[in-house]
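In: here is a sequence together with a model predicted from it:
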Amino acid sequence: MQQTSNWFADAFEWAGRGFALLLFLFWGAFFVEHLGEWFLASGTAWPLLWVWWVQALHFGMLLALAATTVWAWPGAFATVAATAVFFATIGYRGFPFIALVNLAPLVCFAVARLFQRA
C-alpha cells in the first residue's frame, strides 16, 4: 500500500507543478497584453504610477508561479500572497473565482502531502 501512496503523492506533486506552469502561461498572456495596452499603445505618454505598481504586482504573481514549479511549498504560499495582494490592489469586486484558480497548485501539494503520510 505504501508504494501506491507514493505514486499518488508524486502524481499530485507533479500536477501541482503543472498547474503552476499553466497558470504562469495564462496570467503571463494577460501580463503581456496589458504591457502592450499600457506601454506600447498609449503613444509617447508614460502610464500613471498606479499602472506601474499594478504591473509590478502582476509580475510578482508570475514570479511566484514560476517559483512554484521549482520550490513547491514556498512558491505556492508566495503565489497565494501575491495573488491576494494583486487582486486587492486592482479592486476586484466580484467573487474571486478567477483569483481562486491560483490555489490549484497549493491544493495539489496538500493532497500529495496527505498521500505521503498515508
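Out: The structure has been received and is ready for your questions.
In: helices along this structure, start to end?
Out: Ranges of helices within the chain are 2-35, 49-68, 72-90, 97-100, 104-117, based on DSSP state H.
In: got the contact list for residue 109?
Out: 12, 13, 16, 72, 73, 76 (Cβ atoms under 8 Å, 6 or more residues apart in numbering). (Glycine included, C-beta is placed from N, CA and C.)
In: got the helices of the chain as JSON lines, with distance to residue 41 columns?
Out: What follows is the helices of the chain, written out as JSON lines (distance: least, Cβ to Cβ, whole Å):
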{"stretch": "helix 2-35", "distance to residue 41": "10"}
{"stretch": "helix 49-68", "distance to residue 41": "12"}
{"stretch": "helix 72-90", "distance to residue 41": "19"}
{"stretch": "helix 97-100", "distance to residue 41": "24"}
{"stretch": "helix 104-117", "distance to residue 41": "32"}
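In: could I get the ones you listed as CSV with mean pLDDT?
Out: Below are the helices of the chain laid out as CSV (pLDDT from 0 to 100):
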stretch, mean pLDDT
helix 2-35, 90
helix 49-68, 95
helix 72-90, 93
helix 97-100, 84
helix 104-117, 91
